[in-house]
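> Just a sequence and a predicted model for now, questions to come.
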Amino acid sequence: MAKFNLNDDSVVVIVGSGAGGGTLGNELAQKGVKTVILEAGPRTELQDFVNNEWESFTQLAWTDMRTTSGNWRVAKDFANLPAWIVKSVGGSTVHWAGASLRFDDHEFRVRSVYGNVPGANLIDWPLTLAEIEPWYAKAEDKMGVTRTNNIPGLPGNNNFKVMEAGARKLGYKEVHTGRMAINSEPRDSRGACQQIGFCFQGCKSGAKWSTLYSEIPKGEATGNLEVRPSSMAVKIEHDAAGKVTGVVYADEAGKTQRQKARVVAVAGNSIESPRLLLNSASNLFPDGLANSSGQVGRNYMRHMTGSVYAVFDKSVHMYRGTTMAGIIRDEARHDPARGFMGGYEMETLSLGLPFMAAFLNPGAWGRTFTSAMEGYPRMAGMWLVGEDMPQETNRVTLDPVAKDKLGLPVASVHYDDHPNDVAMRNHAYKQGGGINSGQDYVPIGPLAPVWPFRVYLRNTIISQNTADKGNNDCHVSAMVIESLGHNLADDSTCFLTAPGDLPLGRRAPDCPGITHLIR
Amino acid sequence: MREVDPRSRFNRRNFLKGAAVTVPAAAIVATTSLGIEDAWAEDATALSPSALKTMVKVARDIYPHDFLADTYYIKAIKPWDGKAAKDAKIRTMLESGVGRLDQDARDRHKLAYLDVPWEADRVALLQAIEQTDFFKAVRSDLVVSLYNQEELWPKFGYEGSSAEHGGYIKRGFSDIDWLPKA
């Protein structure tokens, strides 16, 4: 395993070890490029994961202080937890569900297809589905996505079977156990899914793709990659010419270190990446790095989301088996006749009893709540997830007051639902409810209220991050920022618009941008 | 379908972990109602036994599950005594919260909260203090300290950790048998 000197300015430094950073680190290492990954969290290996929701949350979640504002319900229910993401090597690939969809064609050209949507900051992507398809194919092969590359789909669990029966009755056609980066059979030195459940708590069998054990060890085996855990990047430094020179970070003891670099790639997720760029403000770049456009942190996207739980008269045991191996895609199309732009998916979702209590209807109490809880074994769950509109005012900024333990401003996340998001959510609730009530063999028990707190950090942010927004040098995963001498790259935080569900490109940044970077 | 046996699998290691260790075993057996003689609250260090007992009643009124014995609510509430012992602000918040609740109960029913006989009447008293720091703190703590007790999971049909049992691949992940044939 490599160990590079702090003063070695020939290394590439990557901030973050998740989908973007972990993958980039391995790809660079395979090509012989000396690379240091700075990961804010500790290295928690697969055998350390626990099948216990709160204990796992304490072990893996990013719980450092953040603040929120806006009309989204999260700001009220979880004011300091705008997103459930991971602070550990592997980042949120440790707890992601594994759903691996492609963008639909129209999702690359939303400005052209949707036209002018008031309040929405839509633009077309500078690439097409056809251009990105070979890269999708490569990523799907690398990650072992089911229903691609002749990999069979996962078997459906009880929760899926309930959803499928209701969906068929409603006339939905595209209903299956999803395209999942979870092995349905042994592949790439990883075993097949054991239907453990607890996908969000870290996959203890390793069947689910995660940079923690899929990419990073391969990179480390080359001798070109060093992953430095418990290393929180606090500032990117540059020279008088504006060229990046290295990254200042706090080590495990809280002591400040400085790793020199020839290239810095920022892959710290859609909240911490803009925070780092903004906290790196200097005399030369007073508004923060890569922010001459003022766009860093803007257009924060998180999906239209909601959950539907229903209690049936007989047992479901929804928590058994793969959490999200179940999807209905019929509503993913763009069809303005439904009263909104874009589309959404419905996917199976379950929570264990402890999280169900906390998230079913945050703040609720009394017998209405407890009778729903007592229906837990007979409950089926579904997640509604769709495209949300980019809005300039939905934004990650530095909190003017709150500081972290190093004295640096924390990230503040402002989010207001766009009317299109609300219209889509209402449609999705109606359809999701219909899937349950359409099953005439069961009386509906207390239908759990919706839970707008989304579970994953999705393909968020930022940034439309160049002066000419229409000509973004963004190739899905890596963005080279011209003003910084081509040596600062940004990861997946440069999604120009949000798709219906987390697109594969978000997690598989083996994409043209990185090729460009290596060249 | 494989159903879940609601009887608690007594797990000494888990049960002794955490707050339960402070609940005398005799009290657990004896606690069928919250009489003044109950022993479990007597070793409280910061809060008065009656304040703790009131809080246990509040806990049951917030999340009423008739099939749960008081022991689960006691285990969920008892740690507040330790927190109050360490932090005077918490102690004051809890004492004044219970005091206000008792005062409201006396004003309306001429009884302390604990002695108001009907749940609906007690719930109305709680609704009146829903926005107070006391209620918010107790409820938001309780939603974890109650539902995160492993001993009560089987009663809700939840099986907890599964990896050490080989997951559900051979234990009923797809054993639903009541759906109509497609």
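Perfect, thanks for sending it. Numbering: from 1, shown residues only, chains lettered A, B, ... in the order given.
> Need the contact partners of stretch A:237-257.
Identification of contacts with stretch A:237-257 by Cβ atoms under 8 Å, 6 or more residues apart in numbering or on different chains yields A:6, A:9, A:13, A:15, A:38, A:229-236, A:258-261, A:263-264, A:280, A:282, A:284-285, A:289, A:405-406, A:483-485, A:487-488. Backbone N, C-alpha and C define where each C-beta goes, glycine included.
> where does chain B come near chain A, residue by residue?
With Cβ under 8 Å from any Cβ of the partner chain as the criterion, chain B meets chain A at residues B:1, B:3-4, B:62-65, B:123, B:139, B:143-144, B:146-148, B:153, B:156-164, B:166-169, B:171-176, B:178-180, B:182.
> change it to 6 Å
B:1, B:62-65, B:139, B:143, B:147-148, B:153, B:156-158, B:161-163, B:167-169, B:173-174, B:176, B:178-179 (Cβ under 6 Å from any Cβ of the partner chain).
> List the contacts of the residue nearest in space to the middle of chain B.
Most central in chain B under Cα atoms, centre = their mean is B:Tyr73, positioned 2.3 Å from the mean C-alpha point. Going by Cβ atoms under 6 Å, 6 or more residues apart in numbering or on different chains, B:Tyr73 touches B:Val56, B:Ala59, B:Arg60.
> By neighbours, which of these wins?
B:Val56 (26 neighbours; other Cβ atoms under 10 Å in any protein chain shown).
> Which of the helices or strands spans it?
With elements delineated by DSSP states H and E, B:Val56 resides in helix B:49-62, which encompasses its position.
> Give me the buried positions along the following helix or strand past that helix.
Later in the chain than helix B:49-62, the nearest helix or strand by DSSP H and E is helix B:70-77. Of the residues in helix B:70-77, those with enough neighbours to count as buried (16 or more other Cβ atoms under 10 Å in any protein chain shown) are B:Asp70, B:Thr71, B:Tyr72, B:Tyr73, B:Ile74, B:Lys75, B:Ala76, B:Ile77.
> From B:Tyr63, how far off is the first one?
Translated: B:Asp70. B:Asp70 sits 13 Å away from B:Tyr63 when distances are taken as Cβ to Cβ, to the nearest Å.
> need the buried residues of helix B:70-77 in TSV with pLDDT and distance to B:Asp104, can you?
What follows is the buried residues of helix B:70-77, written out as TSV (pLDDT from 0 to 100; distance: Cβ to Cβ, whole Å):
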residue	pLDDT	distance to B:Asp104
B:Asp70	95	23
B:Thr71	95	28
B:Tyr72	97	26
B:Tyr73	97	21
B:Ile74	97	24
B:Lys75	97	27
B:Ala76	98	23
B:Ile77	97	20
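> ok and the residue in the stretch 201-350 of chain A nearest chain B?
Of the stretch 201-350 of chain A, the residue with the smallest distance to chain B, taken as Cβ to the nearest Cβ, is A:Gly321 at 3.4 Å.
> you'd agree that residue is up against B:Phe173?
Yes. Counting by Cβ atoms under 6 Å, A:Gly321 touches B:Phe173, with 3.4 Å between them.
> Find the residue closest to A:Pro400 in space, skipping its chain neighbours.
Excluding its sequence neighbours, the residue lying closest to A:Pro400 (Cβ to Cβ, 6 or more residues apart in numbering or on different chains) is A:Pro409, at 7.4 Å.
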